[in-house]
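Colleague: Please work out how this folds:
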Amino acid sequence: MKKYLFLIIFASSVLSDESPDAADIRDFAITMQQAYQPEDVASREDAKYDLYIQKSDFSNAELGYHPCNFKTNGSLGHHQDSKPVDISPENRDKLKAYLMSKACYYGGRWVNLKQKGQNQEMDFDSAASAFLDTYAGSSPLCITGKLKHLCLGSGSYHSGIFIGEWENGMPNGQGVALITSNFPGFEGGYNNREGLFKGVFKNGYPHGSGYYTDGKKTYDGGWHSGEMHGDIGWIYPPSVVYGFRYDFDYESGLLKIIHITEGSPAEQAGMKVGDTILAYQLGENSQIKEIQSIPMDIFSDEINRSKQILLHINSLGNIFNIQKSEIYTYYASYSDCVNNTNKAHGCKEKAKLNNRYTGNVGYGAHNGAYAKGSFKMGTRHSYDQWDRHTVYYNDGTNGSLGFFCDGGATPWIGGDYNTTSGTSENAISHEGSSNVWMQPNFYISPCIANNAAMVYPELILENEKLLEKSWSEIKQNNIQMRKIDFTYLLKEAIEQKDSLALWDERKFNLKSLGVGWSEDKIHALCQYSSTIMNNSCRSLRPSDSSLDKIRSKIAMNPMTKANKTKNQQQLAHAKFNYAFLKKTCKGLSGYQCASTGHSLLIHKQYWRCKYFGYPDITCLQKIDDDKKYNEIFNYIKDNPEEFINIDFSEWLLGKELEF
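Modeller: Next up is the predicted model:
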C-alpha cells in the first residue's frame with residue numbers, strides 16, 4: 001500500500017508535462033486511488049475479518065437465555081436430604097440451583113421457554129456473512145473498548161447479538177441480529193425461542209422495514225420499536241375503461257351517453273352527456289357497425305373486450321377515437337371491487353407495505369399459505385372497513401381472514417345490540433360477513449373499546465397527519481382544550497410510559513360502571529378522538545396479560561427509567577431470595593425446605609409489580625397471603641448482621657425470569 005501512495009505523490013509532481021509517459025503515469029495513479037477507496041475489495045475483506053462474530057463467541061448468560069433452560073438439579077428437595085441445611089460455602093450452589101428450579105416450576109409445569117415450540121436453531125453466522133458482503137467498509141469500524149457510536153460493529157446487546165450500524169451503544173441502522181431474549185414474539189407474545197432479524201434498527205429494536213423468522217413463523221414488513229407495525233395501505237385497483245356510461249334510447253333506437261368519468265379518455269376526447277352513439281368501429285380499418293343493427297349484448301361484450309374504439313357521435317363520420325386507460329374508481333364495497341370486470345388487478349393484490357406473515361394465518365396454513373395485512377404494535381389490526389387481512393394459497397387463490405381489533409377477531413356488538421338479526425335501530429349490517437351487525441361507527445374504526453387506555457402516544461406525535469386529524473376531531477367534539485395542551489398531554493404520556501407511571505393501577509376506576517381509565521386526562525383522549533382510539537389506545541385492564549407484556553418490554557429496555565427501577569428492584573429481590581433460604585431452611589431438611597417455600601417462590605406477581613415501580617400497597621394486593629412475605633422482610637430488618645458483605649447480584653436468577 002505504501003509504494004502505491006509514493007507513486008501517487010510522484011505522479012502529481014511530474015504531470016505538468018502532458019507527454020505520453022506522463023499521461024500513462026497519471027492514469028495509473030488515478031486507477032490506484034480509485035482502487036483503495038472504502039469500496040475496495042481488500043478493505044472490505046479486512047472489515048469483514050474485524051467484524052465477524054459467531055454465536056459460539058458468547059456464553060448463554062451473555063446471550064440472555066432464560067436460566068430455566070440451563071438449570072442444574074441438585075439433590076436438595078428430595079426425600080433423601082434428611083439433614084438440616086443452611087447457606088454455606090459447601091451447599092450454596094446447591095441451594096441456589098434449588099431456588100432457581102422452584103422458580104422455574106411455575107403453574108404446575110416446568111418453564112422451558114427456549115425449547116417450547118422451537119423448530120430449529122437460527123443460522124446467524126450465514127446471515128452475518130451475507131450482510132458483511134454488502135456492508136463491510138461502508139462505515140467507520142467501531143473501536144474496541146469504546147462506546148459504539150456512528151460506526152459499523154458487532155457485539156452483544158439486550159436482545160442477543162448484533163452486527164451492523166451502531167449509535168450511542170445501541171443497534172441503529174442496517175443490521176442482522178440473533179434474538180435470544182427480551183424480544184416481542186409473534187402476535188404480541190414474548191418468547192425465548194431464537195429469532196433472526198434482518199433489516200433496520202433504532203435504539204436496539206427493529207424500526208422500519210425488516211424480515212423476522214424464528215424457524216416456525218415469519219414476518220416481512222413494517223416495524224416500530226421492535227413490534228410488527230404499519231397500515232399495509234391496500235391499493236385498490238383502478239379500472240381500465242373508456243370512461244363513459246350509456247343507456248338505450250327507445251325513441252331513437254340509439255345509445256345515449258349518460259355519464260362521463262372525470263379525467264377519463266372519454267372526457268379528454270370531448271364526449272359529453274347527452275351525445276348519441278350512432279355507430280362504432282373496433283379499429284380504423286374495421287367494419288362500421290351501426291347501433292340499430294347490433295344487439296345490445298354484442299355491443300357490450302365487444303366494448304368490454306376492446307382496448308380501442310372509434311365512436312360515431314351524433315352523425316356518421318363524426319368520429320371519436322379513444323383508448324382505454326387506468327382511472328381511479330370509487331368502490332361502494334369490497335364486493336363491488338371484486339365484481340368489477342374492468343379492474344386493473346386484484347382487490348387484495350397490491351399494497352404500500354409488504355406485511356407478509358406465515359405461521360398464524362388461520363385456515364389454509366397446511367396448504368403453504370401466507371397472509372398479508374395491517375399490524376398495530378405487534379397485533380393484527382384493521383384501521384378501516386377496507387383493511388381486512390387476506391390469506392394467499394399456493395394455487396394462486398386468496399381468501400379473507402377478516403377484520404382484527406388489536407389482535408382480536410371480527411369485533412362483535414355487545415350490550416343492547418342484536419348480533420344476529422340487526423333488529424336494533426342503531427345496528428348496521430357488516431358487509432362481507434353474514435349475520436354480523438355492527439355499531440354505526442364501525443366504518444370509522446373497527447374497534448369497540450371498553451376501558452380504553454392510552455398505550456402508544458408516540459404514534460400520534462410522530463405522525464403530523466394523525467396529529468392534525470386527532471386535533472380536528474377533538475375540536476369537533478367541543479372539548480375545551482387548546483392544541484398546546486393537547487400536545488402537552490401526549491408528550492406527558494410518553495414520559496409516563498417511560499417510567500410505567502402511565503398505567504399505575506390507581507388510575508383505573510371501576511366504581512362507576514364503564515369509567516375505566518377515562519378519569520385520567522391522558523387516557524380520556526381515547527374517548528375524544530376516533531383516530532387516537534384506533535392508533536394509540538387499547539382496551540385494557542390493569543390485570544390484562546397484554547398490558548404486562550407491554551410493561552415488560554419497557555422495563556427490559558436499558559434506555560428507559562423503568563429499566564433503572566427494575567434493576568434496583570432486582571437487587572431487592574435477590575436479597576429476598578437469600579433471606580428466604582436463611583430463614584425458611586434454617587434447621588430444616590432439604591425436603592422440608594422445599595415443601596415450605598414452594599408456593600412463596602413460584603408466586604411472581606408481587607415482584608413483577610415491584611419491578612414495574614408500583615408501591616407495596618398496590619403490589620401486596622396481588623398476593624393472597626402477604627403474611628409470609630412480611631415475615632421475610634421482617635427477618636431482613638431484624639437480622640442485619642446476616643446480610644453484611646453479601647454480593648446479592650450472585651443471587652439474581654436471571655434478567656428475565658420474573659417476566
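Colleague: quick one: secondary structure of K198?
Modeller: strand (DSSP: H, G, I helix; E, B strand; the rest coil).
Colleague: Check A453 too.
Modeller: On the basis of three-state DSSP, A453 is classed as strand.
Colleague: Also G399?
Modeller: strand.
Colleague: For it, which non-adjacent residue is closest in space?
Modeller: Distances taken as CB to CB, 6 or more residues apart in numbering place V391 nearest to G399, at 5.4 Å, with adjacent residues excluded. Placement of C-beta: from N, CA and C, glycine included.
Colleague: and that neighbour, that's in a helix?
Modeller: No: counting by three-state DSSP, V391 falls outside a helix, being strand.
Colleague: For beta bridges, what are the partners of it?
Modeller: A371, G399 (DSSP bridges).
Colleague: from what I can see it touches L401, true?
Modeller: Yes: using CB atoms under 8 Å, V391 is in contact with L401, at 5.3 Å.
Colleague: Could you report the pLDDT at the residue nearest to G399?
Modeller: If you check V391, the pLDDT there is 90.
Colleague: What of P440?
Modeller: 50.
Colleague: Likewise for S400?
Modeller: The model's pLDDT for S400 equals 81.
Colleague: now do I413
Modeller: pLDDT at I413 comes out at 42.
Colleague: By mean pLDDT, point me to the weakest helix or strand of the protein.
Modeller: helix 2-14 (a mean of 31; mean pLDDT, DSSP states H and E).
Colleague: Tell me who's in contact with the residue nearest to H523 when sequence neighbours are not counted.
Modeller: Leaving aside its chain neighbours, H523 sits nearest to W517 (3.6 Å; criterion: CB to CB, 6+ apart). Shown in contact with W517 (CB atoms under 8 Å, 6 or more residues apart in numbering): N451, A452, A453, M454, K507, F508, N509, H523, A524, C526, L540.
Colleague: For W517, give its distance to R388.
Modeller: Relative to R388, W517 is positioned 29 Å away (CB to CB, to the nearest Å).
Colleague: Rounded mean pLDDT for stretch 169-184, please.
Modeller: Computed over stretch 169-184, the average pLDDT equals 88.
Colleague: in the stretch 451-600 of the chain, which spans are helices?
Modeller: Along the stretch 451-600 of the chain, counting by DSSP state H, counting those that start in this stretch, helices occupy 458-461, 464-476, 483-499, 521-528, 530-536, 545-556, 561-584, 590-602.
Colleague: Any of the contacts of W517 buried? List them.
Modeller: Buried members of the contacts of W517, scored by 16 or more other CB atoms under 10 Å, are N451, A452, A453, M454, K507, F508, H523, C526, L540.
Colleague: ok, so of those, who is nearest A409?
Modeller: L540 (17.7 Å; CB to CB).
Colleague: Surely that closest one touches D548?
Modeller: No: using CB under 8 Å as the test, L540 is too far from D548 to be in contact (10.1 Å).
Colleague: before we move on, the earlier item: just name the most buried of the helices of the stretch 451-600 of the chain.
Modeller: Ranked by mean neighbour count under mean count of other CB atoms under 10 Å, those are led by helix 530-536, which reaches a mean of 23.
Colleague: Does anything pack onto that one? Which helices or strands?
Modeller: If you count contacts as 3 or more CB pairs under 8 Å, 6 or more residues apart in numbering; DSSP states H and E, helix 530-536 packs onto strand 452-454, helix 458-461, helix 464-476, helix 521-528.
Colleague: any chance of the helices of the stretch 451-600 of the chain in JSON lines, with mean pLDDT and distance to L178 too?
Modeller: Shown next, in JSON lines, are these (pLDDT from 0 to 100; distance: least, CB to CB, whole Å):
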{"stretch": "helix 458-461", "mean pLDDT": "97", "distance to L178": "27"}
{"stretch": "helix 464-476", "mean pLDDT": "94", "distance to L178": "34"}
{"stretch": "helix 483-499", "mean pLDDT": "97", "distance to L178": "27"}
{"stretch": "helix 521-528", "mean pLDDT": "92", "distance to L178": "37"}
{"stretch": "helix 530-536", "mean pLDDT": "91", "distance to L178": "32"}
{"stretch": "helix 545-556", "mean pLDDT": "87", "distance to L178": "17"}
{"stretch": "helix 561-584", "mean pLDDT": "87", "distance to L178": "22"}
{"stretch": "helix 590-602", "mean pLDDT": "61", "distance to L178": "30"}
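Colleague: Ok, which of the ones you listed comes nearest I163?
Modeller: helix 545-556 (21.4 Å).
Colleague: how far out from the middle of the chain is the closest one?
Modeller: 15 Å (CA atoms, centre = their mean, to the nearest Å).
Colleague: Convert it to PDB, retaining C-alpha atoms only.
Modeller: Below are the C-alpha coordinates for helix 545-556, written out as PDB (Å, rounded to 0.1, in the frame of the first residue of the first chain):
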ATOM      1  CA  SER A 545     -51.600 -10.200  30.400                       C
ATOM      2  CA  SER A 546     -51.200  -8.000  27.300                       C
ATOM      3  CA  LEU A 547     -50.600  -4.900  29.400                       C
ATOM      4  CA  ASP A 548     -48.000  -6.900  31.400                       C
ATOM      5  CA  LYS A 549     -46.200  -7.700  28.200                       C
ATOM      6  CA  ILE A 550     -46.100  -4.000  27.200                       C
ATOM      7  CA  ARG A 551     -44.800  -3.100  30.700                       C
ATOM      8  CA  SER A 552     -42.200  -5.900  30.500                       C
ATOM      9  CA  LYS A 553     -40.800  -4.700  27.200                       C
ATOM     10  CA  ILE A 554     -40.400  -1.200  28.500                       C
ATOM     11  CA  ALA A 555     -38.800  -2.400  31.800                       C
ATOM     12  CA  MET A 556     -36.300  -4.500  29.900                       C
END
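Colleague: Alright, calling it a day.
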